[in-house]
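J.: Build me a structure from this.
(chains A and B)
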Amino acid sequence: EAGVAQSPRYKIIEKRQSVAFWCNPISGHATLYWYQQILGQGPKLLIQFQNNGVVDDSQLPKDRFSAERLKGVDSTLKIQPAKLEDSAVYLCASSLGTGPFEQYFGPGTRLTVT
Amino acid sequence: QKEVEQNSGPLSVPEGAIASLNCTYSDRGSQSFFWYRQYSGKSPELIMFIYSNGDKEDGRFTAQLNKASQYVSLLIRDSQPSDSATYLCAVGVSGNTPLVFGKGTRLSVIA
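T.: A predicted model of the protein is given here:
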């Protein structure tokens, strides 16, 4: 079974530029999550989708971050404009459903904002 | 505010010893508990989950849950240098509420 796919794996941009990340979840997984992980910290949830609807985006900085999952499968996360403090690893995860199900993570995208 | 607390470490154990990793959580309604292993520069990998009070064993790993004390632990027997990683505890409540992750405990197994 293929795991969660993400691209790109690494990205370096200057502050105020924009960037987009892509995620393809495990086949059949209805729920998709985007996390931000800063070095030395646990993953912080940015947004959770159930199929193509948003379940939780309470910690998403909506003035600069946006995410979509239009067809209920792939998802993109965008940052515009980027700030220095956005430097982190962006992890995508998926699970069979919402709630206390086990989540499986993709390899992540390491973003460096200079 | 749901919280999951872990000692950040590093926890150093000699090769072959038992490593004990601990996690406490604040929400008494929590129902599911997960342990993830994260190697440096890699993404978290699920290694254990437990839903009921007591012990659950899988190979060298044992998860222990005590809901009354709001405490979950992970024991690694016969620790190997390859077990050196950060271990993340994650806790889930029912419904649509997403998992809450702790900051992780860094384990170092010394050969």
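J.: Any idea how many residues pack against B:Phe33?
T.: Around B:Phe33 there are 28 other residues, counting by other C-beta atoms under 10 Å in any protein chain shown. C-beta here means a position set from N, CA and C on the backbone, and glycine is covered the same way.
J.: Please confirm that it is located within a strand.
T.: Yes - counting by DSSP: H, G, I helix; E, B strand; the rest coil, B:Phe33 falls inside a strand.
J.: list the contacts for it?
T.: B:23, B:25, B:49-51, B:63, B:65, B:72, B:89-92 (C-beta atoms under 8 Å, 6 or more residues apart in numbering or on different chains).
J.: swap in A:Lys44?
T.: Per C-beta under 8 Å, 6+ apart, neighbours of A:Lys44: A:35-38, A:59, B:101.
J.: any idea which of the residues you listed is closest to A:Ile26?
T.: Distances from the contacts of A:Lys44 to A:Ile26 were compared by C-beta to C-beta; the smallest belongs to A:Tyr35, at 15.8 Å.
J.: my guess is the closest one meets A:Ala93, correct?
T.: Yes - counting by C-beta atoms under 8 Å, A:Tyr35 touches A:Ala93, with 6.6 Å between them.
J.: Mind checking which of these two has more residues around it?
T.: A:Ala93 (29 against 26).
J.: And that one, which helix or strand is it part of?
T.: Element membership for A:Ala93, per DSSP states H and E: strand A:88-95.
J.: Partner strands of that strand, with direction?
T.: Next to strand A:88-95 in the sheet, as set by DSSP bridges, lie strand A:31-37 (antiparallel), strand A:104-105 (antiparallel), strand A:109-113 (antiparallel).
J.: Alright, that wraps it up for me.
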